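Asks: One predicted model, sequence on top.
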Amino acid sequence: MLAADSFPARDYHGMTRRMFLQAGAALPLAGTLAQTSPAAAPRKANSVLLLWLFGGPSHLDLFDPKPNAPIEYRGPFGTISTRIPGVHFTELLPKLAARSDRFSLVRTNTSFTGSHRPAGSIGLTGSVATDGGEDAKGSPSGYPPNFGSILARHREVGDLPGFISVGQNHPGDGNGVSLGYGGGKWGMRYDPFLVRCSSVARRAVRFRSRHWSCLRASLRPGSLAAGRC
């Protein structure tokens with residue numbers, strides 16, 4: 001494990017926090033941030049950040065209050081106008097409502113289950129499990145690959161992982177993780193590189209992860225090499 005907090009730390013391969021962060025400078029996002037200026041021409045996105053709010057507020061409480069629906073279906077909060085004619089958010093989101101012309105709002109998403117873990121897997125993979133999934137003691141191979149795994153496979157970033165997950169564990173609930181978190185039927189090689197966070201403001205990077213059994217630090221100072229077996 002690599003503790004990426006305020007003190008220097010090493011994993012069992014001798015990789016320091018400084019070395020890992022130096023390797024991270026090679027990421028496309030880092031290069032974009034360093035080179036962007038107000039006069040620069042718009043560029044295509046090189047990275048995608050997904051904030052997965054598992055078990056978060058209902059859409060009725062946020063972006064789809066349904067103010068004209070019967071009282072048993074509408075949201076409990078007041079509504080405010082957005083920059084999109086006819087579209088309202090709840091009163092909890094005034095800043096997002098003022099910027100609604102700068103992002104896309106999708107209200108057509110549907111799920112095939114009310115169970116948290118299978119619903120999460122459907123959202124992350126776009127498909128139901130072929131083996132019954134979480135409710136039938138299925139396995140990750142019952143799902144197609146997560147969209148992050150697909151991007152990582154087709155857009156390699158050299159020595160660094162192309163799909164990174166930050167959190168206590170993979171998305172899930174008190175009963176376990178959603179099986180659609182990673183490579184699925186492609187196998188553990190395409191699972192995300194898991195960076196775990198703790199409740200005491202420490203960060204940990206697991207170098208011998210489940211998806212890359214040969215992930216190792218390079219002997220060259222300031223670099224990180226991913227060995228795949």
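Replies: Structure's in. What do you need? Everything quoted here is computed from the prediction, not taken from an experiment.

Asks: Which strand or helix spans L194?
Replies: Per DSSP states H and E: L194 is located in strand 193-197.

Asks: Describe which strands that strand pairs with in its sheet and in which direction.
Replies: Neighbouring strands of strand 193-197 in its sheet, by DSSP bridges, are strand 164-166 (parallel), strand 203-205 (antiparallel).

Asks: mean pLDDT for those: which is lowest?
Replies: Confidence, taken as mean pLDDT, is least for strand 203-205 of these (a mean of 52).

Asks: Would you mark the buried spots in the longest helix along the chain?
Replies: Identified as the longest helix of the chain according to DSSP state H is helix 116-125. Buried residues in helix 116-125, counting neighbours by 16 or more other Cβ atoms under 10 Å, are found at 116-125. Placement of C-beta: from N, CA and C, glycine included.

Asks: Can I get that helix as PDB, trimmed to CA atoms?
Replies: C-alpha atoms of helix 116-125 as PDB (Å, rounded to 0.1, in the frame of the first residue of the first chain):
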ATOM      1  CA  HIS A 116     -29.300  -1.300  -5.500                       C
ATOM      2  CA  ARG A 117     -26.500  -3.500  -6.600                       C
ATOM      3  CA  PRO A 118     -28.000  -4.900  -9.800                       C
ATOM      4  CA  ALA A 119     -29.300  -1.400 -10.700                       C
ATOM      5  CA  GLY A 120     -25.800   0.000 -10.200                       C
ATOM      6  CA  SER A 121     -24.300  -2.700 -12.400                       C
ATOM      7  CA  ILE A 122     -26.900  -1.900 -15.100                       C
ATOM      8  CA  GLY A 123     -26.000   1.700 -14.900                       C
ATOM      9  CA  LEU A 124     -22.200   1.000 -15.200                       C
ATOM     10  CA  THR A 125     -22.400  -1.500 -18.000                       C
END
